[in-house]
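Colleague: no FASTA, just this:
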């Protein structure tokens, strides 16, 4: 397996329900392509951060992100908010 293989991870955060974002999808190769295509189809912003994806892919599905990742994920959520906000 090649280190540069495509990888993707998807997070979900429900403010009234979750105490932290949860990992809802992860994969590499064809699975990563499907995750990215689903995001595009639903107009979900995609942020490229290979280091964060690598760490997220080590989590179990439906696991809340650990506190060590709060800052990195908060930066991505802020990016998503800025790019999807309707003014």
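Modeller: Received, thanks. These numbers come from a predicted model, not from an experiment.

Colleague: would you map the helices across this protein?
Modeller: For the chain, the helices defined by DSSP state H occupy 30-41, 50-56, 70-84.

Colleague: tally of neighbours for the closest residue in space to residue 19 that isn't next to it in sequence?
Modeller: Excluding its sequence neighbours, the residue lying closest to residue 19 (Cβ to Cβ, 6 or more residues apart in numbering) is residue 64, at 6.6 Å. Heads up, the C-betas are built off the backbone N, CA and C, glycines and all. For residue 64, the neighbour count with other Cβ atoms under 10 Å is 15.

Colleague: residues contacting residue 64?
Modeller: Residues near residue 64 by Cβ atoms under 8 Å, 6 or more residues apart in numbering: 18, 19, 20, 21, 22.

Colleague: looking at those, which is nearest residue 75?
Modeller: Nearest to residue 75 out of the contacts of residue 64 is residue 21 (Cβ to Cβ; 12.1 Å).

Colleague: could you report the neighbour count for residue 50?
Modeller: By other Cβ under 10 Å, 10 other residues sit near residue 50.

Colleague: would you agree it is in contact with residue 7?
Modeller: Yes - if you go by Cβ atoms under 8 Å, residue 50 and residue 7 touch, sitting 7.4 Å apart.

Colleague: roughly how far apart are residue 26 and residue 15?
Modeller: Taking Cβ to Cβ, to the nearest Å as the measure, residue 26 falls 22 Å from residue 15.

Colleague: and these two? Which one has more around it.
Modeller: Per other Cβ under 10 Å, whichever of residue 26 and residue 15 has more neighbours is residue 26, with 20 against 6.

Colleague: the more buried one against residue 8, yeah?
Modeller: Yes - contact criterion Cβ under 8 Å: residue 26 and residue 8 qualify, at 7.1 Å.
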